[in-house]
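Participant: build me a model from this:
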Amino acid sequence: MRILQKYVLREFLLPLTYCFLTFYGLYVLSTLFDKFRKLAEAHPKAPFAVHYFVAYMSPYVIWIVPASLLLAALAGMLFVVVVNETLTLCHGLTRTGLIFLCGFLMYWFPFFGTDASGHFGLLPLAKARIPGVLQRIALGYGCAALALHFLGRRGTLWFAALALVAYWALLVACGDYTLTGNAVLALDRALLGEGHLYGGEGIPFDPEGILSTLPAIVNVIGGYFAGRLVRERGATWETIGRLLLAAFACVVVGLAWSGVMPINKKLWTSSYVLVTIGIDLATLGTLVWLLDLRKQVAWAPFFEVFGRNTLFIYLLSEIAGTVLNLFHVGRQTLFEWLYDAVFASWAGPKPGSLVYSISFMLCCWIVAWWMDRRRIYIRL
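Facilitator: Below is the predicted model:
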């Protein structure tokens with residue numbers, strides 16, 4: 001109770017309330033200044049004025065709430081610095097920042113290029129994608145670590161449940177589940193601008209957006225509790241049973257929830273989170289049974305090679321794809337030429353794409369195998 005009062009009530013909820021009321025007050029004042037003449041002519045009564053400002057506030061919630069949460073979190077972190085708890089969190093926050101930076105630089109690569117007029121120079125940061133896979137991993141890891149540190153296990157479970165419900169409520173209240181009308185896109189456009197978003201969906205829309213990072217934190221929390229269970233109880237039938245039981249519960253709840261909130265990866269819906277956590281838990285339980293109890297380990301080293309340098313190999317795969325698209329063979333990029341000339345020419349379009357992907361993955365595996373043989377491990 002002391003931790004709840006110290007960290008959640010005094011150092012987070014109070015600043016959150018102050019920030020929300022301040023932003024709402026600015027919204028009211030700006031509206032009054034903007035429509036002062038009309039209001040003066042209409043002479044509205046107090047109940048009508050209150051109803052007006054409450055009823056027409058929903059379009060502003062998508063930026064008022066996240067901005068208030070961010071400022072309240074910063075205020076709480078400032079308090080942590082004051083009481084010298086930064087030493088405990090230093091490693092986690094540093095790792096969060098480094099992983100986020102790696103993701104940002106990966107999307108900005110190759111850093112230099114030519115513009116429309118043919119001038120060579122630094123690629124504009126205004127067009128660099130800010131959200132991304134590594135950025136989401138970083139934020140998910142950092143937020144989950146903070147939740148576990150300050151709230152403990154039980155508090156973190158409550159946070160996970162509230163995060164899924166709150167995200168559902170925000171999607172319903174501030175938009176829909178379509179590509180162009182969802183709250184995730186609205187918030188990203190308002191805070192980041194279209195130039196910093198992923199453009200592969202036909203419009204500027206980022207599947208790793210700011211708002212959809214909230215439910216993604218729950219995936220990290222689920223992984224933490226699964227790993228802790230295996231470490232504390234070991235590779236036993238009890239561990240497998242607990243993992244499979246939790247997996248069944250998550251999948252059932254996720255599928256039931258999908259009746260009102262579709263399972264959607266692009267929006268990272270709460271139902272999608274529960275179903276994927278369930279699949280992950282079932283897979284982990286199966287691997288514990290297969291590797292630790294049955295001792296079927298002959299096939300495992302192939303995957304262990306990837307696991308020992310996961311971050312580096314992911315960066316390598318993304319940068320290699322970018323490099324292949326920088327060079328041209330005729331009118332095609334080298335990436336497209338390899339697909340057409342080496343794979344699709346004999347295997348066909350779809351099988352050729354599959355063989356191309358497997359070949360690309362094996363090239364990355366060879367690098368990972370070479371690094372593992374020489375005990376080169378790159379971690380953050």
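Participant: tell me the helix or strand right after the least confident helix or strand in the chain by mean pLDDT.
Facilitator: Across the helices and strands of the chain, mean pLDDT, DSSP states H and E gives its lowest value to helix 2-3, namely a mean of 52. Following helix 2-3 in sequence order, the next helix or strand is helix 14-34 (DSSP states H and E).
Participant: other SSEs contacting that next one?
Facilitator: In this structure, helix 14-34 makes packing contacts with helix 46-55, helix 58-82, judged by 3 or more CB pairs under 8 Å, 6 or more residues apart in numbering; DSSP states H and E. From N, CA and C alone the C-beta is placed, and that goes for glycine too.
Participant: pull out the buried positions in that helix.
Facilitator: The neighbour-count check on helix 14-34 (16 or more other CB atoms under 10 Å) flags 15-16, 19-20, 23-24, 31 as buried.
Participant: lowest average pLDDT across the helices and strands packed on helix 14-34?
Facilitator: Mean pLDDT is lowest for helix 46-55 out of these, coming in at a mean of 63.
Participant: quick check: the spatially most central residue of the chain vs Val220, distance?
Facilitator: With the centre of the chain defined as its mean C-alpha position, the nearest residue by CA atoms, centre = their mean is Arg136, 3.1 Å away. Look at Arg136 and Val220: by CB to CB, to the nearest Å, they are 10 Å apart.
Participant: with Asp206 instead?
Facilitator: Taking CB to CB as the measure, Asp206 falls 19 Å from Val220.
Participant: so which of the two has more stuff around it?
Facilitator: Neighbours were counted for Asp206 and for Val220 using other CB atoms under 10 Å; Asp206 has more, 26 against 20.
Participant: and the more buried one, what element?
Facilitator: Using DSSP H and E, no helix or strand contains Asp206.
Participant: strands of the chain, residue ranges please.
Facilitator: All strands of the chain, identified by DSSP state E, fall at 112-114, 120-122, 328-329, 332-333.
Participant: give me whichever of these is most buried.
Facilitator: strand 332-333 (a mean of 14; mean count of other CB atoms under 10 Å).
Participant: for it, which strands pair with it and how are they oriented?
Facilitator: strand 328-329 (antiparallel) (DSSP bridges).
Participant: got a list of contacts for the strand it pairs with?
Facilitator: 334, 337 (CB atoms under 8 Å, 6 or more residues apart in numbering).
Participant: could you give the mean pLDDT of that strand?
Facilitator: So the average pLDDT for strand 328-329 ends up being 91.
Participant: all helices of the stretch 251-380 of the chain, in order?
Facilitator: 270-287, 300-307, 310-326, 334-338, 345-347, 349-373 (DSSP state H, counting those that start in this stretch).
Participant: possible to save these as JSON lines with distance to Leu243 and mean neighbour count?
Facilitator: Shown next, in JSON lines, are those (distance: least, CB to CB, whole Å; neighbours: other CB atoms under 10 Å):
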{"stretch": "helix 270-287", "distance to Leu243": "4", "mean neighbour count": "21"}
{"stretch": "helix 300-307", "distance to Leu243": "18", "mean neighbour count": "13"}
{"stretch": "helix 310-326", "distance to Leu243": "22", "mean neighbour count": "15"}
{"stretch": "helix 334-338", "distance to Leu243": "40", "mean neighbour count": "16"}
{"stretch": "helix 345-347", "distance to Leu243": "39", "mean neighbour count": "11"}
{"stretch": "helix 349-373", "distance to Leu243": "28", "mean neighbour count": "14"}
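Participant: returning to that earlier point: of all the strands of the chain, which lies closest to Glu304?
Facilitator: Closest to Glu304 of the strands of the chain is strand 332-333 (CB to CB; 33.6 Å).
Participant: show me the contact partners of that closest one.
Facilitator: With contact meaning CB under 8 Å, 6+ apart, strand 332-333 is reached by 324-327, 340.
Participant: which two in the residues you listed are spaced the farthest apart?
Facilitator: Going by CB to CB, the pair spanning those furthest: Leu326 and Asp340, at 17.6 Å.
Participant: end to end, how far does stretch 260-267 reach?
Facilitator: End-to-end distance of stretch 260-267 (CA to CA, to the nearest Å): 14 Å.
Participant: and for that stretch, what's in contact with it?
Facilitator: By CB under 8 Å, 6+ apart, the list of residues contacting stretch 260-267 from outside reads 168, 171, 177, 179, 182, 184, 201, 205, 207, 212, 254-255, 269-272, 275.
Participant: are any of the residues you listed buried, and which?
Facilitator: 168, 171, 182, 184, 205, 207, 212, 254, 269-272, 275.
Participant: what about the stretch 251-380 of the chain, any weak spots by pLDDT?
Facilitator: For the stretch 251-380 of the chain, no stretch is flagged by pLDDT under 70.
Participant: export stretch 180-197 as PDB, just CAs?
Facilitator: The C-alpha coordinates for stretch 180-197 follow below in PDB (Å, rounded to 0.1, in the frame of the first residue of the first chain):
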ATOM      1  CA  THR A 180      -8.100   5.200 -42.500                       C
ATOM      2  CA  GLY A 181     -10.400   5.800 -39.600                       C
ATOM      3  CA  ASN A 182      -8.600   4.200 -36.600                       C
ATOM      4  CA  ALA A 183      -7.300   6.100 -33.600                       C
ATOM      5  CA  VAL A 184      -3.800   4.800 -34.000                       C
ATOM      6  CA  LEU A 185      -3.400   6.600 -37.300                       C
ATOM      7  CA  ALA A 186      -5.000   9.800 -36.000                       C
ATOM      8  CA  LEU A 187      -2.600  10.000 -33.100                       C
ATOM      9  CA  ASP A 188       0.500   9.300 -35.200                       C
ATOM     10  CA  ARG A 189      -0.500  11.900 -37.700                       C
ATOM     11  CA  ALA A 190      -1.100  14.500 -35.000                       C
ATOM     12  CA  LEU A 191       2.200  13.800 -33.100                       C
ATOM     13  CA  LEU A 192       4.600  12.600 -35.800                       C
ATOM     14  CA  GLY A 193       3.200  13.700 -39.100                       C
ATOM     15  CA  GLU A 194       2.800  11.500 -42.200                       C
ATOM     16  CA  GLY A 195       6.400  11.800 -43.300                       C
ATOM     17  CA  HIS A 196       7.600   9.700 -40.300                       C
ATOM     18  CA  LEU A 197       5.200   6.800 -40.800                       C
END
